[in-house]
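Enquirer: here you go, sequence then predicted model.
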There are 6 protein chains.
Amino acid sequence: MSNARITLVNPNSLVKVTEAIARATAPFQGLPLEFRFLTSAGGPAGIQTQAEADASIAPMAQLFRQEAAATDAFIVACFSDPGLHGLRDLVAVPVLGIGECSVLTAMSMATRIGVIAIASAAVARHLRYFRAMGVADRICGELALDMKVSDLADPERAFERMTAVGRTLRDDHGADVLIMGCAGMADLRDRLEEACGLPVVEPTQAAVAMAAGRLFSRA
Amino acid sequence: MSNARITLVNPNSLVKVTEAIARATAPFQGLPLEFRFLTSAGGPAGIQTQAEADASIAPMAQLFRQEAAATDAFIVACFSDPGLHGLRDLVAVPVLGIGECSVLTAMSMATRIGVIAIASAAVARHLRYFRAMGVADRICGELALDMKVSDLADPERAFERMTAVGRTLRDDHGADVLIMGCAGMADLRDRLEEACGLPVVEPTQAAVAMAAGRLFSRA
Amino acid sequence: MSNARITLVNPNSLVKVTEAIARATAPFQGLPLEFRFLTSAGGPAGIQTQAEADASIAPMAQLFRQEAAATDAFIVACFSDPGLHGLRDLVAVPVLGIGECSVLTAMSMATRIGVIAIASAAVARHLRYFRAMGVADRICGELALDMKVSDLADPERAFERMTAVGRTLRDDHGADVLIMGCAGMADLRDRLEEACGLPVVEPTQAAVAMAAGRLFSRA
Amino acid sequence: MSNARITLVNPNSLVKVTEAIARATAPFQGLPLEFRFLTSAGGPAGIQTQAEADASIAPMAQLFRQEAAATDAFIVACFSDPGLHGLRDLVAVPVLGIGECSVLTAMSMATRIGVIAIASAAVARHLRYFRAMGVADRICGELALDMKVSDLADPERAFERMTAVGRTLRDDHGADVLIMGCAGMADLRDRLEEACGLPVVEPTQAAVAMAAGRLFSRA
Amino acid sequence: MSNARITLVNPNSLVKVTEAIARATAPFQGLPLEFRFLTSAGGPAGIQTQAEADASIAPMAQLFRQEAAATDAFIVACFSDPGLHGLRDLVAVPVLGIGECSVLTAMSMATRIGVIAIASAAVARHLRYFRAMGVADRICGELALDMKVSDLADPERAFERMTAVGRTLRDDHGADVLIMGCAGMADLRDRLEEACGLPVVEPTQAAVAMAAGRLFSRA
Amino acid sequence: MSNARITLVNPNSLVKVTEAIARATAPFQGLPLEFRFLTSAGGPAGIQTQAEADASIAPMAQLFRQEAAATDAFIVACFSDPGLHGLRDLVAVPVLGIGECSVLTAMSMATRIGVIAIASAAVARHLRYFRAMGVADRICGELALDMKVSDLADPERAFERMTAVGRTLRDDHGADVLIMGCAGMADLRDRLEEACGLPVVEPTQAAVAMAAGRLFSRA
């Protein structure tokens, strides 16, 4: 079995986020997989609004065209999956989105899915997306951390707030599985699971798992 | 009442389509409205695939930013409403989409909506959009003309095929109102209504009507 | 363009409500529209229960038949749209309902719609109606003012309570647009928008806008 | 156990239909039930359109008020259940609708429900009703007999057509249970079951069964 | 009219529960019905988890095969209706489930259904079931008593807790009808109705009512 | 990375089916996975009806308890996923179902999913399951091969029929991805893809891919 090549594209221009995405793939080391992590230099500095999500598509499309020959699957590494369906039109290899894959993975684990968003600006956009996917009935709630950026940078504060939100989703909304609605926070997954007593889906890992599975099943 | 300014943006680069869009607004002449019709020169030459729809967003976003001060409302004049929600993030004035407005208008006319698409490549994209809008249950069917471009250019052939598709939506899918799933075919609306015996919603007119109504109600 | 005639029918017998409905159309003065405001003298004194909504239909049907020749469009001016579909069977001109039009208008403005009802007795009836319309997924919450009639008569108290309910819909239910679930409160719209920081749809204005748009587009 | 009194109201003015409704209750003879069959003399001569359904409500409301003291439960004996929810506001005893009861009964028998309508004018109205009820997903299809009234009067022709429609619902729409979407055709139920090889729900019997069950369970 | 025989099967092995189920049928005494109450000796000692619900099916299937000749209808007397659809494959007579029948009965009484569960472990399972039934939109909330078993045994404590949960469903979730999501608590129904001011559906009685109605209508 | 152990359980007692399931995992050879293939000797000889699906649960539950210590994940290898949620209650390791995984995988590939069932008896059961999963809107059609068993045994006849059904799902129902609604037909996947011009999801492979991905992501 030759190595299957998976290219993860961070649609925003922050290399730090790309690095966090790369770290999320650590558990997959040792498998016949070859990862590439690309930062979409032309993308916005962050994706909070729908406008920013949309603005990230054109630069990504260019990247996809350039890199298509060098990969066996692409992963759009932003929870809003900007441009997912259109990017599938552009390249022949599978294109997966970390938002879609995290929801599908959570659906195989439990009945009621709670989503932890970074910013409340994302919640309506995600809702439209869950509806477009036809899975809105499975989402029992989505709540945002709504922290100041300065506080988000402090991992302990972020973790505390994330735990509080996760517990509210569990206790008030009935969630029996949680999704981290953002790329780049894989480091906190295990602790969050423990703190909330629920399985937690980390989107990048969910997408790598589904991409790898699909490539392997074609081997 | 001073004139309300409505800017219609054709997301593709074909001036001919923009001209057809302009013709669709003829019935609104005489009202205190001032229309501008812009062709998004940086957009794709046509919008059939999701990739083309997505590719049209970035150039439109630029146009919107440039023209925002000169208009009281924007209309995205493509049935797929590319970038609609994101464009709303960019400008303070109302942004309407001809796809959304045509569905909402049809919903005020009858119970079961049939949609006539130009190309079958659009049907899955529209379906995702109707679901995101939360109105998929109201769409009783969408069928594509699926004509060769050369035949589409012949208005009589296009009309014949459109009539055939409209009647199938009426007889086999139960449609009691039809939507023309495309900009630029307003010329055929009255004849199509007569040929099918059903009300027909023309998307550009539906959007102009809703935009004008919204502007007037703020007067 | 000759004037388009729009007849608004207040299904209850209170002339005061009809007058408030008339005031809601003030922004449309100056357009080639001619309004008539009818009070359904045979209707109930108010519409709170489903029985009252139903009781208002027969007298309205008579009015519609009598007035059909004198109008180009009818508007049923009660948020529950009593008899809407049946009235469409009776006359050839368009019949719009302020409930339906306000929901459709709100759908073109934002993703999650909060509805402010006057009385809690209306909430289940509205819910059945939103479901019949196929849009229940877009309504994130409906809450009632539940004020004593004497307090409702005091505009300041009504406004305060409406503001409180609107903010709850925004903060606890995620509403990003509000609908005033009642005719006759147009005077408070602008203040409510400001107090809640959200767009507010006033049903009579939404219906006039859609009716006017539809008539103009046939001009 | 004293007799429970059930009053069936035919919302249209045709005594012949009331008589057919009465015949549908034959299987319940021998139970501690007392039936009354009322014809709503002020109702329309038949209910095909929504306008006719609505026109039947006001006269029925009067009947209900007059007869409330003399009955333990009412049944609205028209498949469209005109005024059902409002009539519940008017009287303290249970009010059941033969449309609602037939759907609920069919739901307890099989997964996919096919509905046989008399006239195609009813199909959109029923669809709105199934959606309001929240059960539209259970209806796999509704098809109309669409016979001339003169042919409907011939029971053999009606039966033949009904059988053809029932088989289409079974074979093309996947129905595994059928509902006769009309009052007054109970005589044909057993034959239709045999001809289609599917269970058939007769609405009046379904409503009487549910009404009786509810009254007995309070005994 | 000869007696119709209805066999109620308690899928768990607790004779005490079977006895409570039997008591629930008291109001139906005096009708031409003959009841049998069977305890599925091979079933689990109680049904809280999905695993326990599933484990109850095989022993019930055996019982059903043995008893089919001696009954005119079966009732699965556990709110989760374990094996309902499969048991219908095994015997020719009607098989009803108390969960399904209680929901269908509540749907004929009011718009928004609140469900009182015994244990929170059941809520996700019920949700899957309501979705499979296609009625999830009618359930406005389900809350669990979550009492210690020792406290459940004390009827007064159980009633107090049930009342508190019922009122929360009414006030915070908008319930206008309640279902007791469990067999064997019929004794408390009347008091619960009074304490909550809402109609309360007791599942065993709902199922007996529907079974009896169905058998009578075939008489 | 030590080998992850995946146990696939064939709920029916046919060793031939287990062998075909084993063959489906061939593409995953070479990965750090260790497969075990168990035949549930106490299960039914095949699973066509809901009763047979249910009858397979109890013997599987025993197998799961016995084998839990020897595996890192279980896969229920029947498209109806009998007992899936209950089996999750019994063991601490992940339990995946090939039905659920095939739907979730197809959802990551295209918008409208067509399902090819073996026997029409399964279609209503699958429909209930898709609804319970909350994904019924994504299934554009399910059609059965409905072949005689003798013909099914002939792979060429089976393939021909499968191709015909797949093309009908594509052309008449709009499917853009197909699922083979059965275990044990992996051998035909590639040919079916080619014959229909659509991606085809083979359920066992979809489940192994998701199970492997989940185990790897925890490595």
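Expert: All right, it came through fine.

Enquirer: which outside residues touch the helix or strand bottoming out on mean pLDDT in chain A?
Expert: For chain A, the helix or strand with the lowest mean confidence is helix A:149-152, at a mean of 72 (criterion: mean pLDDT, DSSP states H and E). By CB atoms under 8 Å, 6 or more residues apart in numbering or on different chains, the residues outside helix A:149-152 that reach it are A:118, A:145, A:157-158, A:161. All C-beta atoms are positioned from the backbone trio N, CA, C, and that covers glycine.

Enquirer: go with 6 Å
Expert: Contacts to helix A:149-152, defined as CB atoms under 6 Å, 6 or more residues apart in numbering or on different chains, come from residues A:157-158.

Enquirer: what's the spacing between that helix and its chain's center?
Expert: In terms of CA atoms, centre = their mean, to the nearest Å, the centre of helix A:149-152 is set 20 Å apart from its chain centre.

Enquirer: mind listing what's buried in it?
Expert: Buried residues in helix A:149-152, counted by 16 or more other CB atoms under 10 Å in any protein chain shown: A:L152.

Enquirer: after that helix, which helix or strand is next?
Expert: Using DSSP states H and E, the helix or strand that directly follows helix A:149-152 along the chain is helix A:155-173.

Enquirer: so how far is that next one off the chain centroid?
Expert: Computed by CA atoms, centre = their mean, the chain-centroid distance of helix A:155-173 equals 18 Å.

Enquirer: next, the buried residues of it.
Expert: For helix A:155-173, a neighbour-count test (16+ other CB under 10 Å) marks A:158-159, A:161-163, A:165-170, A:173 as buried.

Enquirer: so who does the residue of chain A at minimum distance from chain E touch?
Expert: Among the residues of chain A, A:T111 lies nearest to chain E; the distance is 4.0 Å by CB to the nearest CB. Applying CB under 6 Å, 6+ apart to A:T111 gives the contacts A:176, E:124.

Enquirer: what secondary structure does it sit in?
Expert: Judged by DSSP: H, G, I helix; E, B strand; the rest coil, the three-state class of A:T111 is coil.

Enquirer: pLDDT below threshold where in chain A?
Expert: Applying pLDDT under 70 to chain A flags the ranges A:1, A:149, A:219.

Enquirer: one more pass at 90, please.
Expert: With pLDDT under 90 as the threshold, chain A has low-confidence stretches at A:1-2, A:30, A:146-155, A:158, A:184-185, A:217-219.

Enquirer: near chain C, which residues of it are found?
Expert: A:A124 (CB under 6 Å from any CB of the partner chain).

Enquirer: show me the domain layout of chain A.
Expert: A:4-97+A:205-217, A:100-202 (the TED database).

Enquirer: could you pull out the helices for chain A?
Expert: With DSSP state H as the definition, chain A shows helices at residue ranges A:15-24, A:50-55, A:57-67, A:84-90, A:98-107, A:123-133, A:149-152, A:155-173, A:189-196, A:203-217.

Enquirer: check whether the last one contacts chain F.
Expert: Yes. Using CB under 6 Å from any CB as the criterion, contacts between helix A:203-217 and chain F involve A:205, A:209-210, A:212-214, A:216-217.

Enquirer: who's A:A4 bridged to?
Expert: With DSSP bridges as the criterion, A:A4 is bridged to A:L33.

Enquirer: what is the burial count for the residue of chain A found nearest chain C?
Expert: Of all residues in chain A, A:A124 sits closest to chain C, at 4.0 Å by CB to the nearest CB. Neighbour count of A:A124, defined by other CB atoms under 10 Å in any protein chain shown: 18.

Enquirer: what's the answer for A:D154, then?
Expert: A:D154: 13 surrounding residues under other CB under 10 Å.

Enquirer: that one and A:E160, how far apart?
Expert: Distance check for A:D154 against A:E160: by CB to CB, to the nearest Å, it reads 9 Å.

Enquirer: give me phi/psi at A:G184?
Expert: Torsion angles at A:G184 (phi, psi; degrees, to the nearest 10) stand at phi 90, psi 10.

Enquirer: contacts only, for it.
Expert: A:17, A:20-21.

Enquirer: likewise for A:S56?
Expert: A:11, A:43-44, A:82.

Enquirer: could you dump those to TSV with neighbour count?
Expert: Compiled in TSV, the contacts of A:S56 are given as follows (neighbours: other CB atoms under 10 Å in any protein chain shown):
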residue	neighbour count
A:P11	28
A:G43	25
A:P44	20
A:P82	29
